[in-house]
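1. Please find the sequence and the predicted model below.
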Amino acid sequence: MTNLQRAAEALRAFKKVVFFTGAGISAESGIPTFRDKLTGLWTKHEPQRLETANAFRENPALVWSWYLWRRHHVGQAKPNPAHYSVSQLAVAGWDVSVVTQNIDDLHERAGSSPVIHLHGSLMDVKCFACHRPGTLASAQLETPEEEQLIEPPRCARCGGKLRPGVVWFGENLPENSWRSAVRRVKSCELLVSVGTSGVVMPAAAIPDMALAAGATVIHVNIEDVGFGGTDEIMLLGSAGMVLPALLKAAGVAV
Ligand code: APR
């Protein structure tokens, strides 16, 4: 039996499914993963250096403009067949939740719900000083011109600088999201881990958590990221090809 047939059999047998997704699921929508080189204006910067509280303290305009640019880029992107496969499975009657490390909103735009964002969202802002959520007028979200740096807007309550509502390197995951992700992962029958390198903790522990709780785990990646366990199935290939093929092989009517 091929791995695709084994995975299709698991999908037919198990109705409670968690999709655990990383940057690879949005790659075919044109959003670069963390392994890709930055382009254009941002080639001279490394995301790891821009995505920290220290970077924001040192140069708030640079970090704010980087996120305005990313938000613009995501706004132009569209969900791809991998995002649609996830939402189609729910429409076909499976109990589907999405736990994502991505800060884009492509799962939501493909129609999935609930979507738990472990690393926050590009669509949210919060105050760097008082940590309260903030709101922005659309004029404050305009994409910077080449080389233009924009100062972050101010918090309406305390006057502090607003920052993106995402989790930066060295910061804790939002407690509620993490708790609700763990609850779903520990009670699912099947976890499909899509397009994640599995190197950033604690999110990277999620497939192991599902296996330990007795679930089957399917990995979908262009590289072999499986551990070769008996309850694991590795599907090698791009998410936009593999997920529609998996639904088809399982006979899911879409
Ligand atoms: N289909 C499937 N998998 C893909 C595709 C594709 N089209 N393209 C790339 N991949 C895989 C890569 O092989 C890699 O394993 O997606 C993974 C992307 O890895 P990362 O860029 O490390 O993304 P992710 O795992 O989501 O990173 C986790 O790290 O930098 C932090 O906070 C950031 O949320 C991010 C976290």
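-> Ah, there it is.

2. pLDDT score assigned to F128?
-> F128 is assigned a predicted lDDT (pLDDT) of 97.

3. gap between it and the ligand?
-> Per Cβ to the nearest ligand atom, to the nearest Å, F128 is found 18 Å from the ligand. Just so you know, the C-beta spots here come from the backbone N, C-alpha and C atoms, and that holds for glycine as well.

4. near the ligand, which residues of the chain show up?
-> Within the chain, the residues that sit near the ligand (Cβ under 6 Å from any ligand atom) are 22-24, 27-28, 33-35, 101, 119, 195-197, 200, 220-223, 225, 238-239.

5. Could you tell me which of those are located in helices?
-> Counting by DSSP state H, the part of those found in helices is 24, 27, 239.

6. So which of the residues you listed wins on neighbours?
-> Neighbour tally across these (other Cβ atoms under 10 Å): the maximum, 27 neighbours, falls on A239.

7. pLDDT score for that residue?
-> With respect to pLDDT, A239 scores 98.

8. Let me see the contact set for it.
-> A239 makes contact with 24-25, 27-28, 80, 82, 194-195, 220-221, according to Cβ atoms under 8 Å, 6 or more residues apart in numbering.

9. Show me which of these is closest to H73.
-> The nearest member of the contacts of A239 to H73, counting by Cβ to Cβ, is A27 at 13.0 Å.

10. The closest one - nearest residue in space that isn't next to it in sequence?
-> Excluding the flanking residues, the one nearest A27 by Cβ to Cβ, 6 or more residues apart in numbering is T33, at 5.5 Å.

11. if I read this right, D224 contacts L236, doesn't it?
-> Yes: at 6.3 Å, D224 counts as touching L236 under the criterion of Cβ atoms under 8 Å.

12. Of those two, which one has the most company?
-> Neighbour totals were compared for D224 and L236, and L236 leads with 15 against 10 (other Cβ under 10 Å).

13. Over to that one: give its phi and psi.
-> Taking degrees, to the nearest 10, you get phi -90, psi 120 for the backbone angles of L236.

14. Walk me through the domains of the chain.
-> Domain segmentation of the chain under automatic domain parsing yields 1-31+78-119+173-254, 33-76+122-166.

15. Comparing these, which yields the minimum mean pLDDT?
-> domain 33-76+122-166 (a mean of 85).

16. Ends of that domain, what's the gap?
-> One end of domain 33-76+122-166 to the other measures 16 Å (Cα to Cα, to the nearest Å).

17. now swap in stretch 86-104 and tell me
-> By Cα to Cα, the extent of stretch 86-104 from end to end equals 15 Å.

18. quick revisit: can you tell me which of the residues of the chain next to the ligand are classed as buried?
-> Among the residues of the chain next to the ligand, those scoring as buried are 22-24, 27-28, 101, 119, 195-197, 220-221, 225, 238-239 (criterion: 16 or more other Cβ atoms under 10 Å).

19. any idea which of the domains of the chain is most buried?
-> Counting by mean count of other Cβ atoms under 10 Å, domain 1-31+78-119+173-254 has the highest mean neighbour count of those, with a mean of 19.

20. after the helix ranked longest in the chain, next one along is what?
-> Using DSSP H to define each element, the chain has its longest helix at helix 60-76. Using DSSP states H and E, the helix or strand that follows helix 60-76 in sequence is helix 81-91.

21. just checking, what packs against that next one?
-> For helix 81-91, the elements it packs on are strand 16-21, helix 24-27, strand 95-100, helix 106-109, helix 239-249, judged by 3 or more Cβ pairs under 8 Å, 6 or more residues apart in numbering; DSSP states H and E.
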